[in-house]
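Engineer: make a model of this:
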Amino acid sequence: MPGKTILHVDMDAFYAAVEVRDNPDLAGKPLIIGALPSERGVVSTCSYEARQYGVRSAMSISEAYRRCPHGIYMHPDMHKYKTVSDALHTIWNDYTNIVEYISLDEGYMDVTGSLRLFGSAAAIARSIKGRTLTETGLTCSIGVGYCMTAAKLASEEKKPNGYFEIPDAGFYKNLIMERSVRILYTVGEKTAEKLAGAGIHTVRDILRHEQLVASMFGKHGRQIVELANGVDAREVTPWDQAEAKSIGRELTFQQDITDHAYLKKVLIIQAKELSMKTRLAGLYAQTVTLKITYQDMKSITRSKSGEPTNNATDISKTACALLDSIPRAPIRLIGISLGNLTDEPYHQYSLEDIGTVRSQQRKKMLDGKLLALQKKYGAGIIKTGHELEAENELSKSEQALDPE
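Structural biologist: Numbers count the residues shown, from 1 in each chain. This next block holds a predicted model:
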């Protein structure tokens, strides 16, 4: 295969598959992971049996229940899924260090430089699929392509437990020529509707009217034309190599929350997750932003900038202080984002700060040792008292739904 060789690995109905693995009685039944029918929320993922009834990820749970009232509905167990995800990432990292994680169960791998070691993309895919089944009890679908778009499309061709290759742009174009424009990366429902209004329904239509598509959407239109022609110059980028401008974590509640003590526990957990991400990447945030969406869907943000930090306690204290500064009303969503990221923990000290410098140096050395432990044994190996208290309480009542 000329040029780059990209693998796209996608687990099959990941959350549902994990639950079936752990409870074989669920096998062959329509299983819907997400909110319960009596709650407000969406489908996170569902088994293939549920998909036969038209249930899909991100669908409102009320619509899912209307289509499949006899289904089995369960809340997600994110801790369990994260543990399995860590095992999957360990497998992928054995074949290349150029891995871009898209979610807990999906990622791109640039194996161009690994072919001489492992023989071929097909050999790597077979090995990953075999190890995934042996080590986690789950199946995955793998696509091989000359670019990221081709690899992603290939992984979807033979689901579940499939394997498919798209070796070049000519093969790619022949494969999708008569398919809906929605097959193309970045073409969503609204873009497809606008294209349909111009009489453009298939990829072939785009190729017949390239200038029209480009004029309709500008830069995005030119990108659509490139993708229709099988051109995708994106690189597989490990997160810690990305030039991230900000990172964030949000949580949507099943029921609106007014208890600020509870909300602060959520912020503590979010701060811990963001701290781990920035520390692993060697980054520090100069700005902490709190995002709130109220019951009436009005959203507000509050930010505070200061010295660069990636410390969970610093982040949570800042976020909690920002929470205290906003009007109190029922809250639907809460989140933290870290901005103005830098790889330099810069601070200009005076002579009077010598003791502070030494304290910071000791703190940095300790943090390095803690990070090494967390890398080896997982982020949850070490918890502060506040974090442990927050996790215990939220595990009993948290109803956040992040669609898979």
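Engineer: quick check: closest non-adjacent residue to T293.
Structural biologist: Nearest residue to T293, sequence neighbours excluded (C-beta to C-beta, 6 or more residues apart in numbering): L333, at 3.8 Å. Placement of C-beta: from N, CA and C, glycine included.
Engineer: same thing with S337?
Structural biologist: G248 (3.2 Å).
Engineer: confirm the one you found sits in a helix?
Structural biologist: No: applying DSSP: H, G, I helix; E, B strand; the rest coil, one finds G248 to be strand, outside a helix.
Engineer: roughly how far does it sit from I102?
Structural biologist: As judged by C-beta to C-beta, to the nearest Å, G248 and I102 stand 16 Å apart.
Engineer: quick check on the residue nearest to T293: phi, psi?
Structural biologist: phi -140, psi 140 (degrees, to the nearest 10).
Engineer: next one: it from I257, what distance?
Structural biologist: L333 is 10 Å from I257, by C-beta to C-beta.
Engineer: what residues of stretch 180-187 count as buried?
Structural biologist: The neighbour-count check on stretch 180-187 (16 or more other C-beta atoms under 10 Å) flags V181, I183, L184, V187 as buried.
Engineer: can you read off the pLDDT for the residue nearest the centre of the chain?
Structural biologist: Taking C-alpha atoms, centre = their mean, the centroid of the chain lies closest to S103, which sits 3.2 Å from it. Listed pLDDT for S103 reads 80.
Engineer: make sure the residue nearest to S337 is actually in contact with L338.
Structural biologist: Yes: using C-beta atoms under 8 Å, G248 is in contact with L338, at 7.0 Å.
Engineer: show me which of those two is the more surrounded one.
Structural biologist: Shown here are G248 and L338; by other C-beta atoms under 10 Å, L338 has more neighbours (28 against 14).
Engineer: what about the residue nearest to that one when sequence neighbours are not counted, how many neighbours?
Structural biologist: The shortest distance from L338 to any non-neighbouring residue, by C-beta to C-beta, 6+ apart, is to A285 (3.5 Å). A285: 28 surrounding residues under other C-beta under 10 Å.
Engineer: ok, now which ones touch A285?
Structural biologist: By C-beta atoms under 8 Å, 6 or more residues apart in numbering, the contact set of A285 is L274, T278, P308, T309, N310, I315, L338, G339, N340, L341.
Engineer: go again with 10 Å.
Structural biologist: The contact partners of A285, by C-beta atoms under 10 Å, 6 or more residues apart in numbering, come to 246-247, 274-275, 278, 305-311, 314-315, 318, 336-342.
Engineer: same thing with R21?
Structural biologist: A27, V84, T136, G137, L138.
Engineer: where does the closest residue to the fourth one other than its chain neighbours land in three-state SS?
Structural biologist: Spatial nearest neighbour of G137, chain neighbours left out: R21 (4.7 Å); criterion: C-beta to C-beta, 6+ apart. Here R21 is helix, with the state taken from three-state DSSP.
Engineer: then K194?
Structural biologist: State at K194, reduced to three classes by three-state DSSP: helix.
Engineer: hey, what's in contact with both of G248 and L338?
Structural biologist: L274, K277, T289.
Engineer: assumed the first one was part of a strand.
Structural biologist: If I follow you right, that is L274. No: counting by three-state DSSP, L274 is located in no strand; its state is helix.
Engineer: any regions of this protein where pLDDT drops low?
Structural biologist: 1-2, 239-246, 344-404 (pLDDT under 70).
Engineer: show me where it has strands.
Structural biologist: Ranges of strands in the chain, per DSSP state E, are 6-11, 31-34, 43-46, 72-74, 99-103, 106-110, 140-145, 163-166, 246-257, 284-294, 299-309, 331-342.
Engineer: how about the ones you listed in JSON lines, adding distance to V225?
Structural biologist: Shown next, in JSON lines, are these (distance: least, C-beta to C-beta, whole Å):
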{"stretch": "strand 6-11", "distance to V225": "21"}
{"stretch": "strand 31-34", "distance to V225": "37"}
{"stretch": "strand 43-46", "distance to V225": "33"}
{"stretch": "strand 72-74", "distance to V225": "43"}
{"stretch": "strand 99-103", "distance to V225": "24"}
{"stretch": "strand 106-110", "distance to V225": "23"}
{"stretch": "strand 140-145", "distance to V225": "19"}
{"stretch": "strand 163-166", "distance to V225": "19"}
{"stretch": "strand 246-257", "distance to V225": "30"}
{"stretch": "strand 284-294", "distance to V225": "35"}
{"stretch": "strand 299-309", "distance to V225": "35"}
{"stretch": "strand 331-342", "distance to V225": "33"}
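Engineer: what's the closest of these to H201?
Structural biologist: Counting by C-beta to C-beta, H201 lies closest to strand 163-166 out of the strands of the chain; the figure is 22.4 Å.
Engineer: quick check: N340 touching T287?
Structural biologist: Yes: with contacts counted by C-beta atoms under 10 Å, N340 reaches T287, the gap being 4.5 Å.
Engineer: re the thing from before, nearest to A233, out of the strands of the chain?
Structural biologist: strand 6-11 (12.1 Å).
Engineer: any idea how far that closest one is from the chain center?
Structural biologist: Centroid separation between strand 6-11 and its chain, computed with C-alpha atoms, centre = their mean, to the nearest Å, is 14 Å.
Engineer: paired strands for it, with orientation please.
Structural biologist: Strands that pair with strand 6-11, judged by DSSP bridges, come out as strand 106-110 (antiparallel), strand 140-145 (antiparallel).
Engineer: and it with strand 99-103, angle?
Structural biologist: Calculated by axes from the mean of the first three to the mean of the last three C-alpha atoms, to 10 degrees, strand 6-11 forms an angle of 30 degrees with strand 99-103.
Engineer: so for strand 6-11, what gets flagged as buried?
Structural biologist: So strand 6-11, judged by 16+ other C-beta under 10 Å, has buried residues I6, L7, H8, V9, D10, M11.
Engineer: what is the burial count for the closest residue to the first one other than its chain neighbours?
Structural biologist: Same thing as I6. Closest residue in space to I6, ignoring its immediate chain neighbours: A151 at 4.2 Å, by C-beta to C-beta, 6+ apart. By other C-beta under 10 Å, 29 other residues sit near A151.
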